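Student: Generate coordinates for the sequence data below:
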Amino acid sequence: CARWQKWGHIARDCNTNHDTCATCGHVHRKENCDSFKTSYCVECDVNDHSSNDPHCPTYLAKCAELDAKHPENCMPYF
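Tutor: Residues are numbered from 1 along each chain as shown. Below is the predicted model of the structure:
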């Protein structure tokens, strides 16, 4: 969910009443963030990377789950 930074639903179906910043994890939209040197991943609950980091362990695990369900994702593209 791009609104709450959690897996399992999309922003359209989100029941939370606030936005969560993908960079610092505070209650505001990423566009309004002034904590550019602060990183926090909401899903991992750690401050060594942000929620939108492509190297996030949770993100990589979710990608691997999807690839396992859809083997065609692993096929070379050329």
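Student: Can you show me the helices along the protein?
Tutor: Counting by DSSP state H, the chain has these helices, from start to end: 57-69.
Student: What score does Thr16 have for pLDDT?
Tutor: Looking at Thr16, its pLDDT is 87.
Student: which residue sits closest to it, ignoring its sequence neighbours?
Tutor: Trp4 (4.7 Å; Cβ to Cβ, 6 or more residues apart in numbering). Heads up, the C-betas are built off the backbone N, CA and C, glycines and all.
Student: isn't the one you found right next to Asp13, touching?
Tutor: No - the pair Trp4 and Asp13 fails to qualify as a contact (Cβ atoms under 8 Å) at a distance of 10.6 Å.
Student: More neighbours: those two, which one.
Tutor: Trp4 (18 against 9; other Cβ atoms under 10 Å).
Student: State the distance from that one to Leu60.
Tutor: Distance, Trp4 to Leu60, by Cβ to Cβ, to the nearest Å: 20 Å.
Student: How about Asp53?
Tutor: Distance from Asp53 to Leu60, by Cβ to Cβ: 10 Å.
Student: swap in Thr38?
Tutor: Look at Thr38 and Leu60: by Cβ to Cβ, they are 22 Å apart.
Student: Same check on Tyr40?
Tutor: As judged by Cβ to Cβ, Tyr40 and Leu60 stand 18 Å apart.
Student: Between those two, point out the one with more neighbours.
Tutor: Neighbours per residue (other Cβ under 10 Å) separate Tyr40 from Leu60, with Tyr40 holding more: 21 against 12.
Student: Which pLDDT does the model give the more buried one?
Tutor: Taking Tyr40 on its own, its pLDDT is 96.
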